[in-house]
Structures are given as structure tokens and as C-alpha cells.
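Fold the stuff below for me.
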Amino acid sequence: MPRLIPFLVLVLFASRGGADPAIGRLMREGDVAGLSIVVIRGGTIVSEKAYGVANAETRAPLTRRAIFESASLGKPVFAYAVLRLVDAGVLSLDVPLQHYLAEPVSDERMKQITARMVLAHTTGFQNEVMPGQTLAVHFTPGSRFSYSGAGFLYLERVIEHLTGKELPVLMRELVFTPLGMRDSGYVWIPEFETRKVFGHRASGRVAERRRPAVATVATLHTTPADFARFMIATMKGTGLKPATARAMLTGQSAVDESCSNCLKPGSGKISTALSWGLGWGIQRTAWRTAFWHWGENNGEVQNFAIGDRKGDGVVVFTNSGNGFSIMPEVIAAVLPGEYPAFAWMGYERYDSPAKTVFRDIRVHGVLSPAIDKLTEAEINRLGYLLLDTGRIADAVRIFERNVKRFPGSGNVYDSLGEAYAAAGEREKAIGAYERALTLDPANTHAVEMLQKLRAGR
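Below you'll find the predicted structure:
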């Protein structure tokens, strides 16, 4: 049962400008560098508060004016713009996108894909198109849910073609200016040098800044307050026809309980609490029906927003790959209730056995007995966190422990080889990679690393 922080505590501390000790405790225990929260009540922003630092190395304090990468929270913002164009008759939700922008297709099923399928994540596309990959249809469009950022990028191309305008211009005209979002944009501007937060990896290490030169749905930079203004517009249906506003927050596709990226069929057990609307996730519990979304970039920025049609909501942005570990408690403090969305997202809590072991090693240099409760994958992640912080000897110790517990896994030998290589133990690294390749002959990483190590590189 989560320990709840009363809503009044948050509001009082926000109004007085003091540091909320409960939020501070969660951030310390969860290793979250900075957190900014905006609370909405009755369709109005009632509090804004920033905690922690914008950069853990310089200790520059986080302020309410800080600019964050919104990550996937930019998707519902783009969806809102698309729906405004639907209302204006520029396109239809249910006409195949190939009708508007005829492009060569590698799969005839692409000709079935509509804007509704993109916004409800039923295109059949993969989430991301990685280097060397092409956009592909993995199942019959419209037949089931599988979260796809690639689908939104596809729709972005169609919208830019239809309107003859690039994304930043469109979003300024359709969203930012009408809703008073003065601190939002898609490409890097000089002001961001002093206002944008630095991301932090789950290990706590400060990440390099990304400075987007090309605008896409995925590059929205904004403040929590600006995003809260968008949330309020969503609550009220501002700028949309009533039927369109209702459709945005009405479930369009069912969600499998076991997966968000479901290119292959999941468990087949459909969630009774979660579905997907047009750009937003929909959550139904005994407490409320709410719309929500989350955002993460490279394990360095983690954000969450949730609200309901009554006008209550909360926006939380963090500059940390550990933000989601404390998010359930923070959100439940402001909007008490159940949150099946967090279980579905599958992120680890700040007080999990794995995070406890990492904290004990990093702070006290001791290996907690809790490690015996961890899975192979959890121990491996722990080893990589230690490598990321430069604790190479500790990482070697962890990976060696994993090999003893799971001697039949080629993956753990591969990871041990990486740690030995980082420690300068060339012969041990070669031995570990050879064992990895014996256990898993398809391990191309082990082949590549053996070539480098034997060549003395």
C-alpha cells in the first residue's frame, strides 16, 4: 500500500515556497535529481512546484521556468492538432492515409492505415524504426493495440503534406498560441541553454544534452505549466467540436494486460481498466475515469500526466531515469485512487529489492542479501548501473555473482565479458565471451567483441 502525501501538504508547501519533506524523501530514496509538479483543480492550476536540481553536477536548482523534453507526452498534443484539422475538414479520421499522401509501400496493408489507427495505436507498426530497419506492418491494421511512435511520425508527414506547413508552424497555430503555451517548441533555441534541464541516467550520471535541429512529434520541449494548460484544454474540449472532444477521451482500442508493445499477440487477456483513446490512454476505476500518458527519453527523462473531465489533474516532469520509480506515490498523493496504468507500464519501484541492492552498494559499498531475491535480468541491470557510475570492480563482482547463479545463460557471460574488458582484464574477457558464444552461437555481440579483444583493440 503506497504511503500517501496529503494533497493539502503539497498545496501549502507550494504556496509557502518551502521544500516538501515527503517529496524530498522520495526523491532521495529514488535517486531522482529534479521533479516539477503542477496540480490542477476544477480546471485551474492551483499549485506549481519545482524540487531538486536541474543538473546534479553543478547543483543548479530546478525552477518552475525549467524546460523539459516532453518525450511521448508530445503525442497527445499532436493528436489534438490532428483533431482540430479533422474538425476543419482537412482530413478524415477514417480515410486511409495513402489517400492523402501516396507513397510506395512494402506491404499492401499500409494502404489500410488511417489517422484513427495511428492515434489509437492500432497501425501494426513497430514503436521505433531503428538503424537498418524499415517501417513495417506486423499485424492487420486496426485489429489490436500496439504502441507505436513510428505511426505518429508517419501521420506527421501526411499532415505536413496536406497543410503545406512544417510541424512547428502548425503546432504554433493550432495549439500553442490558442492555448497560451508560450514556453513550448520543437527545435533548439538559444534560450534553452539556460532553461533546459539536464537528463540523468538511472545510475545518477548526468547525460549529455540533446539539441534537436529537426522538429518531429518526438522533440517537443515544454514546461509542466504549459503542459497543464494543454491538459485543461483537453478537460474542457477547448478548440474542438463536442463530438470530437468526447471521442478523444473515449476508448477506441482495447489494451492487452501483458504488453504495451504487442507486435506479437500478448496474453489475450484484455484489460478491464485500460484502453486507448485518440492520443490519450484511458483509465477506468471505481475512483474516476481519467485520461493519461507517460513519456521517457533514453532512460534520462520520465514524465507523467493524468486528468479527468471534472477538471482535476496533475503533471509531473522529472529529469531522471528513476522518475517512474516514485511516480505512483506522487500521483496518488494528489489524486487518491487506484492506478492500473503504472502496473501496465511495468517500471520498478524505488524501494524494490534491485534498487535497494544498488543503493547499498553505491552508498555503503556493501552487497545486500536482497540480491538473492533478484532475477537474472535484475542483477544484470544492476551490474550495468554500476558500470555506468564507474564502479567497475563492483560491477565485475555483480556479474560474477550472476554467472554463478545462472551458469546456463549466455547473456550473463556476455555481460561479464564487458565488465572484465572495462577492468582491463583482457584474457578473462575473452574467456567470458567465448563461453557466451558457446551457450548462444547467435550472439553477434560476443563475436564482435572477441574480434576486437583478440586484435588488441
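
any residues touching whichever strand in the chain runs longest, and which ones?
For the chain, the strand that runs over the most residues, judged by DSSP state E, is strand 44-55. Under the criterion C-beta atoms under 8 Å, 6 or more residues apart in numbering, residues 10-11, 13-15, 19-20, 23-24, 27, 32-40, 59-64, 66, 197-198, 206, 224-225, 228-229, 232, 311, 319 lie in contact with strand 44-55. C-beta here means a position set from N, CA and C on the backbone, and glycine is covered the same way.

my read: residue 263 touches residue 136, true?
No: between residue 263 and residue 136 there is no contact under C-beta atoms under 8 Å: 9.2 Å.

Report the set of residues contacting both of those two.
The contact lists of residue 263 and residue 136 share residue 126, where a contact means C-beta under 8 Å, 6+ apart.

Comparing the two, which residue is more hemmed in?
residue 263 (18 against 15; other C-beta atoms under 10 Å).

Residue 114 versus the closest residue to residue 181 other than its chain neighbours, what's the distance?
Once flanking residues are discounted, residue 181 sits nearest to residue 226: 4.3 Å by C-beta to C-beta, 6 or more residues apart in numbering. The gap separating residue 226 from residue 114 is 30 Å, by C-beta to C-beta, to the nearest Å.

mind checking the SS state of the most centrally placed residue in the chain?
Centroid-nearest residue in the chain, with C-alpha atoms, centre = their mean: residue 296, separated by 2.3 Å. The three-state label given to residue 296 by DSSP: H, G, I helix; E, B strand; the rest coil is strand.

Tell me the bridge partners for it.
Note on residue 296: beta-bridge partners residue 302, judged by DSSP bridges.

re the thing from before, which ones among the contacts of strand 44-55 map onto strands?
Among the contacts of strand 44-55, the ones falling in strands (DSSP E) are 34, 35, 36, 37, 38, 39, 40, 60, 61.

if we can go back for a sec, can you pull the contacts of the residue nearest to the centre of the chain?
Applying C-beta under 8 Å, 6+ apart, we find residue 296 in contact with 71, 72, 302, 303, 321, 324.

neighbouring contacts of the helix or strand harbouring residue 162?
Per DSSP states H and E: residue 162 is located in helix 149-163. With contacts defined as C-beta under 8 Å, 6+ apart, helix 149-163 is touched by 72, 75, 78, 81-82, 85, 90-91, 97, 100-101, 113, 115, 117-119, 121, 123, 125-129, 135, 166-167, 170, 216-218.

can you check stretch 193-213 too?
Contacts for stretch 193-213 (C-beta under 8 Å, 6+ apart): 31, 33-34, 54-57, 62, 65-69, 186-188, 192, 219, 221, 297-301, 319-322, 362, 385-386, 388-389.

do you know how far the residue nearest to the centre of the chain is from residue 149?
The gap separating residue 296 from residue 149 is 11 Å, by C-beta to C-beta.
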